[in-house]
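Engineer: coordinates only, sequence not included:
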């Protein structure tokens, strides 16, 4: 029920837009009624148990008193023994009675503990290569030693990478490509092709099922995640900004950055233009989810934050998909200047943003089906040409 409340609150604008207030209220009332009935039954049973236990304990106490009295009259035991037995019986029954009184609380605690332990029992992602793959890697070292000069200059290398979210269905199989320092790599393809998954593998949000991803010749599974991600900056499809000032959000990219460096990064991302028009400028407070500025402005701030981080590897995941055409052009001109000397991966549906990419990877169903630059892929008249023509053909 709490999930629905949170969901309805976050999406209240959509609910009102489609006039679904009545259905949302009806669904909430239904869940609330189910919760009420379940809670009422649980409370009734819990409330009934306590007096029942008290009644049973008092019956035991009464039985002990009657039997003890008869024994005293017959001279079998003395009165002191009976008195001691009655006290022991009362002391033994008291904790059981208290537990029965707390039964409802215990049930709620157990239910909560199950969810907590589900999280605690999840296996942590560890650094390092599985032993079986290490053995295979050792056996292939002789072949690797004969690589040519071009391979030695590779900055990032996807070597026979395979990945699946579950054991029954494979998403990627035998993905191979290499990236040199300073190259811009574009990843395109239809929705669900695996573009974002490839980026997640590079940042080690997931580890490959087989094969390896090499960074400067070293398997990234042997690199600490914090160290690996410290060399990267990412601009996601979803713009995540925190409650606080614009300055604080931009400095999140590099906490030790000076105010001048922050402003310079904002200028390069063309965010300074709208920031300076705000009444409080860089000290403007952003509310929850930064809903007091537009989607395009939020996107510009996240791009400026990535520029401030000044990473070796810049990842733009649909970075310009949420801005208008004019802003897209401004961002593109700034990106062309900022990407010089920096290795970058750009995931985009708007193919106009990646014409100048050194290499374009065209993905479909989790695999790379085409690879090359803009001109060569158009000449192949394959999937990339089809996607391009669907956007720009007159």
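Structural biologist: Looks like it came in fine. Predicted, not measured: the structure shown is a model, and the values here were computed from it.
Engineer: any idea how far residue 275 is from residue 339?
Structural biologist: Here residue 339 is placed at a distance of 23 Å from residue 275 (CB to CB, to the nearest Å). In this view, the C-beta of every residue, glycine as well, is placed from N, C-alpha and C.
Engineer: which one's more surrounded, those two?
Structural biologist: Taking neighbours as other CB atoms under 10 Å, residue 339 and residue 275 compare with residue 275 leading, 23 against 18.
Engineer: quick check, the more buried one in contact with residue 266.
Structural biologist: Yes - counting by CB atoms under 8 Å, residue 275 touches residue 266, with 6.1 Å between them.
Engineer: which neighbours do those two have in common?
Structural biologist: Common neighbours of residue 275 and residue 266 are listed as residue 282 (criterion: CB atoms under 8 Å, 6 or more residues apart in numbering).
Engineer: next one: phi and psi at residue 157?
Structural biologist: Main-chain dihedrals, residue 157, degrees, to the nearest 10: phi -140, psi 120.
Engineer: what residues does it make contact with?
Structural biologist: 151, 177, 178, 179, 213, 214, 217.
Engineer: so which strand or helix has the fifth one?
Structural biologist: Think residue 213. Assigned by DSSP states H and E, residue 213 belongs to strand 210-215.
Engineer: what of the fourth one?
Structural biologist: Assigned by DSSP H and E, residue 179 belongs to strand 172-180.
Engineer: hang on, the earlier thing: which PyMOL command selects the buried ones in the contacts of residue 157?
Structural biologist: Filtering these down to the buried ones (16 or more other CB atoms under 10 Å) takes a single PyMOL command:
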select buried, resi 177+178+179+213+214
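Engineer: residue 190: which of the contacts of residue 157 is nearest?
Structural biologist: residue 177 (19.0 Å; CB to CB).
Engineer: not counting its neighbours along the chain, what's nearest the closest one?
Structural biologist: Excluding the flanking residues, the one nearest residue 177 by CB to CB, 6 or more residues apart in numbering is residue 158, at 5.3 Å.
Engineer: what count of nearby residues applies to that neighbour?
Structural biologist: With neighbours defined by other CB under 10 Å, the count for residue 158 comes to 22.
Engineer: please name the residues that touch it.
Structural biologist: Residue 158 sits in contact with 175, 176, 177, 178, 211, 213, where contact means CB under 8 Å, 6+ apart.
Engineer: okay, the residues you listed in a markdown table with distance to residue 90 and pLDDT next?
Structural biologist: Shown next, in a markdown table, are those (distance: CB to CB, whole Å; pLDDT from 0 to 100):
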| residue | distance to residue 90 | pLDDT |
| --- | --- | --- |
| 175 | 73 | 89 |
| 176 | 78 | 91 |
| 177 | 79 | 92 |
| 178 | 80 | 92 |
| 211 | 70 | 90 |
| 213 | 70 | 92 |
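Engineer: outline the domain layout of the protein.
Structural biologist: Here the domain parsing of the chain from automatic domain parsing is 2-120, 180-206+219-392.
Engineer: ends of the last one, how far apart?
Structural biologist: Its start and end residues considered, domain 180-206+219-392 measures 30 Å (CA to CA, to the nearest Å).
Engineer: what about it, average pLDDT?
Structural biologist: For domain 180-206+219-392, mean pLDDT rounds to 84.
Engineer: what packs against the helix or strand hosting residue 109?
Structural biologist: Secondary structure from DSSP H and E places residue 109 in helix 103-120. Applying 3 or more CB pairs under 8 Å, 6 or more residues apart in numbering; DSSP states H and E, one finds that helix 103-120 contacts helix 21-74.
Engineer: elements contacting the helix it packs on?
Structural biologist: helix 2-10, helix 79-101, helix 103-120.
Engineer: between the ones you listed, which one is nearest to residue 253?
Structural biologist: Each of the helices and strands packed on helix 21-74 was scored for nearness to residue 253 using CB to CB, and the closest is helix 2-10 (25.9 Å).
Engineer: before we move on, back to that, among the domains of the chain, show me which one is buried the most.
Structural biologist: Among the domains of the chain, the stretch with the highest mean neighbour count (mean count of other CB atoms under 10 Å) is domain 180-206+219-392, at a mean of 18.
Engineer: tilt between the strand holding residue 179 and strand 210-215?
Structural biologist: Angle, strand 172-180 to strand 210-215, by axes from the mean of the first three to the mean of the last three CA atoms, to 10 degrees: 10 degrees.
Engineer: what residues does strand 172-180 touch?
Structural biologist: Taking CB under 8 Å, 6+ apart as the rule, strand 172-180 contacts 151, 153-164, 185, 194, 197-198, 211, 343, 358-359, 361, 366-368, 371.
Engineer: ok, now with 10 Å
Structural biologist: The set of residues external to strand 172-180 that reach it, using CB atoms under 10 Å, 6 or more residues apart in numbering, is 150-151, 153-164, 185, 194, 197-198, 201-202, 208-211, 213-215, 313, 343-345, 358-359, 361, 363, 365-368, 371.
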